[in-house]
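In: need coordinates for the below:
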Amino acid sequence: MLKCSVRALRLLLGACLLTTAALAADYPAKPITIIVPYPPGGSSDIQARLVAKGLAERLGQPVLVDNRPGAGGRIGVSLAARAVPDGYTLLFGSLSPFAIEPVVRGNVGYDPQRDFVPISMLVEMPFLLVVSSSFPAKSLQELIALGRKQPDGLSYASWGAGSAGHVLMEMLKHSAQIEAVHVPYKGEAPAILEILGGRVSMMFVTTVAAMPHIQSGKLRPLAITGAARLAMLPAVPTMAESGFGGIDLQLWSSIVAPAKSPPEIVARLEKEIGVVLRSPEFVRFAQSQGAVPLPSSGKEVAQRIRTDSDAVRRLVTAARLKIDD
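Out: Sure thing, here's the model as predicted:
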């Protein structure tokens, strides 16, 4: 009886492997969907649509973008986590829902490392610390001095509690030992308007949202996250150059699939996405956003999620950060 059971199990496993191999060999046999947990029209949506266009050309099947915004990205990510792991549902993953939200909120309805298999990074772009051009501080050092001189005089905007802008500013507050009141908004655009109007002192913002106002002279950049200065803003020092090397979170994006997706399909997608990211069209788009294309392996994506999650976790512990919706 035992020998029979073992033999039956081996036959079943063999059949499963053959089925998986057959599916991978025929992939893709129908349209693929990329879930984007953000509204249409933004940088994330444009990135995903460029990747979808390139993949469709290379794979010979339509690749559709399905925008599922809400709750800081958690709605779309949770939906993708429950999708069938067959390679036909992918997810646009990024910093906040993968490395910030699960740490600062705890139970978000998914586990980035358990529920997904990473495929490739897409781009990386820095955050800018900005103030209004009429704000008295001309540098990060002057901002810190002002904060220490007027402990109740500073405030900062973000695009929501638990967002990257919120966490980065809490990192700066903790490192510089200054105080500033958090004023959350429902997006970068309304937050920037409050900075321009002088109603809020400062904020960390993406290069995409900040550049038009910097070019018009209405916003003043004080520092930038990441290891290097930005080519389009060569005079703006990095946070490390300004004395705050531990504050280096950057906005990144990736493509991931539901856990247990066939390895052969994941490997195929990693290869094809790499080709798309190296295309002149995608490189031009990334450069226009102040971003760098990052074709990479799934292992590199997983490592980035762990690294950034650990950095946020250290802040939460050290500063006793609490997120109140």
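In: what bridges to the nearest residue to Gly197 once chain neighbours are set aside?
Out: Spatial nearest neighbour of Gly197, excluding adjacent residues (C-beta to C-beta, 6 or more residues apart in numbering): Ser132 at 7.9 Å. C-beta coordinates here come from the backbone N, C-alpha and C atoms, glycine included. Beta bridges link Ser132 to Leu219 when assigned by DSSP bridges.
In: do I have it right that Ser132 meets Gly217?
Out: No: the pair Ser132 / Gly217 is not scored as a contact, 10.5 Å apart, by C-beta atoms under 8 Å.
In: among those two, which residue is more densely surrounded?
Out: Shown here are Ser132 and Gly217; by other C-beta atoms under 10 Å, Ser132 has more neighbours (20 against 8).
In: phi and psi next, for Asn67.
Out: The phi/psi pair for Asn67 (degrees, to the nearest 10) reads phi -80, psi 120.
In: and it, how close does it get to Val77?
Out: Separation of Asn67 from Val77 (C-beta to C-beta, to the nearest Å): 13 Å.
In: of these two, who's got more company?
Out: Val77 (29 against 18).
In: check contacts around the more buried one.
Out: Pro37, Leu91, Gly93, Pro97, Phe98, Val108, Tyr110, Pro112 (C-beta atoms under 8 Å, 6 or more residues apart in numbering).
In: which of the residues you listed are buried?
Out: Pro37, Leu91, Gly93, Pro97, Phe98, Val108, Tyr110, Pro112 (16 or more other C-beta atoms under 10 Å).
In: not counting its neighbours along the chain, what's nearest the fifth one?
Out: Read it as Phe98. Closest to Phe98 by C-beta to C-beta, 6+ apart is Pro112, at 4.4 Å.
In: distance between the top strand by length along the chain and the chain's centre?
Out: Counting residues, the longest strand found in the chain (DSSP state E) is strand 116-125. Computed by C-alpha atoms, centre = their mean, to the nearest Å, the chain-centroid distance of strand 116-125 equals 9 Å.
In: that strand pairs with which strands, parallel or anti?
Out: Using DSSP bridges, the strands paired with strand 116-125 are strand 251-258 (antiparallel), strand 292-293 (antiparallel).
In: the ones you listed: lowest mean pLDDT?
Out: Across these, strand 292-293 has the smallest mean pLDDT, namely a mean of 94.
In: show residues contacting it.
Out: Leu122, Val123, Glu124, Met125, Leu277, Arg278, Phe282, Val283, Ala286.
In: report the two of those residues separated the most.
Out: Pairwise distances across those peak at 17.5 Å for Met125 and Arg278 (criterion: C-beta to C-beta).
In: for this structure, which segments are assigned as strands?
Out: Going by DSSP E, the chain shows strands at 32-36, 63-67, 89-94, 116-125, 127-132, 155-158, 181-184, 202-206, 219-224, 251-258, 292-293.
In: state the mean pLDDT of the longest one.
Out: This means strand 116-125. Strand 116-125 comes out at a mean pLDDT of 97.
In: tell me the angle of that strand relative to strand 202-206?
Out: Following axes from the mean of the first three to the mean of the last three C-alpha atoms, to 10 degrees, one obtains 110 degrees for the angle between strand 116-125 and strand 202-206.
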